[in-house]
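1. Give me coordinates for this.
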Amino acid sequence: MTVDVSIIIVTYNVPDLLRRCLATIPESTDGLSTEVLVVDNGSRDGTWDSIASRADVQAIRGSRELGFGRGNNLAAARARGRWLLFLNPDTELMPLGLRRLVERGDADASLGILGPRLELADGSLDPAACRSFPTPASAAMRLLRWPRRLPPRGVRPYNVAPSSGCEAMVDAVSGACMLVRAEAFRRVGGFDPQFFTYGEDLDLAYRIRQGGWPTLFVPSVVVRHLKRQSTRQRAVRARVEFYRAIWLYYRKHRQRDGLWLRAMVTTAIVVLALGAVARQGALRMLALARRKGAVG
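-> A predicted model of the protein is given here:
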């Protein structure tokens, strides 16, 4: 039987945050028919036992090498919802928030994706909540810390700054809380499994836009986001996957760029990735040294 929305969560070693996230769902979905599917990607902290014992959750066993996109695809294949809510375990929904988001989507059959205002722990807007599709120029702006409210002519900043409180059509919202029309998701084949942890939400939004469904940012619906709670546990791997995702997205969607530009962008990605991994590795070694010193 079809339900209004299937809530899909991929989790890894954040049991307390997952419990808090699950606890916010009932009040946020009041009046909707729902199902909750949780994919445990190889947690080693008792997460599997805790979700497998819950009657309100469909527990799905994943693995550490499954990644975010493939984990979501695994659950989406079982989902019965007209809408699919992809939700991070480090988020907290507000009362009636998801219901309002679904109602907004139902009011406009052209929409493929809707995203709320994601707020960080300090109440500020998560920049990933509303984005433009990245280009070499917008990436250079971000790298050079160019003020996004004063972009060079013809360049759209990667992180959009929408008018306060106003809905806006954007290229992409964050995969931390992303409501996707099930028809659109299945029409484009779901998340691309090449992406492991980053970039899959941008890639999905791009393909759904190409299919004729736009993305809407809905700031009247607020979701709290305690960012990077899972990826910080594997910081070096996360850095590698971040830059690999940039390269995958660029290779996939910027094929019309000239050969010289593609070579420059690829070289820049490799250099930045090596620097970031080296820096993360050094920080990890320093932390281990301090820990040993404290014990000694």
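
2. who are the neighbours in contact with the spatially most central residue of the chain?
-> When C-alpha atoms, centre = their mean is applied to the chain, the residue found nearest the centroid is Gly175 (2.4 Å). Gly175 makes contacts with Phe68, Phe86, Asn88, Glu200, Asp201, Leu204, as judged by C-beta atoms under 8 Å, 6 or more residues apart in numbering. (Each C-beta comes from the backbone N, C-alpha and C, glycine too.)

3. and what of Val270?
-> Residues in contact with Val270, defined by C-beta under 8 Å, 6+ apart, are Tyr243.

4. Could you tell me which residues within the strand or helix carrying it count as buried?
-> Using DSSP states H and E, Val270 sits in helix 259-295. Across helix 259-295, burial judged by 16 or more other C-beta atoms under 10 Å covers Arg262, Val265, Ala268, Ile269, Leu272, Ala273, Ala276, Val277, Gln280.

5. is it true that the fourth one touches Tyr243?
-> Yes - here Ile269 lies in contact with Tyr243, judged by C-beta atoms under 8 Å, at a distance of 5.6 Å.

6. Who is Ile113 paired with across the strands?
-> Ile113 forms beta bridges with Val180, Thr215, as assigned by DSSP bridges.

7. Next, please give the residue ranges for the strands of the stretch 101-250 of the chain.
-> 113-119, 168-170, 177-181, 215-225 (DSSP state E, counting those that start in this stretch).

8. closest to Ala139 out of those strands?
-> strand 168-170 (17.4 Å; C-beta to C-beta).

9. Now do that closest one, average pLDDT.
-> Averaging pLDDT along strand 168-170 gives 94.

10. next one: that strand to chain centre, how far?
-> Relative to the centre of its chain, strand 168-170 is centred 17 Å away, using C-alpha atoms, centre = their mean, to the nearest Å.

11. roughly how far apart are Glu103 and Thr91?
-> Glu103 sits 20 Å away from Thr91, going by C-beta to C-beta, to the nearest Å.

12. Same check on Arg244?
-> Counting by C-beta to C-beta, the gap from Arg244 to Thr91 is 25 Å.

13. Settle it for me: which of those two has more neighbours?
-> In this view Arg244 and Thr91 are compared by other C-beta atoms under 10 Å, and Thr91 has more residues nearby, 23 against 18.

14. And the contacts of stretch 54-65?
-> Residues outside stretch 54-65 that contact it (C-beta under 8 Å, 6+ apart) are 10, 12, 22, 35-42, 48, 51-52, 70-71, 74-75, 78.

15. Inside helices: which ones of those?
-> Using DSSP state H, the subset of those located in helices is Leu22, Trp48, Ile51, Ala52, Arg70, Gly71, Leu74, Ala75.
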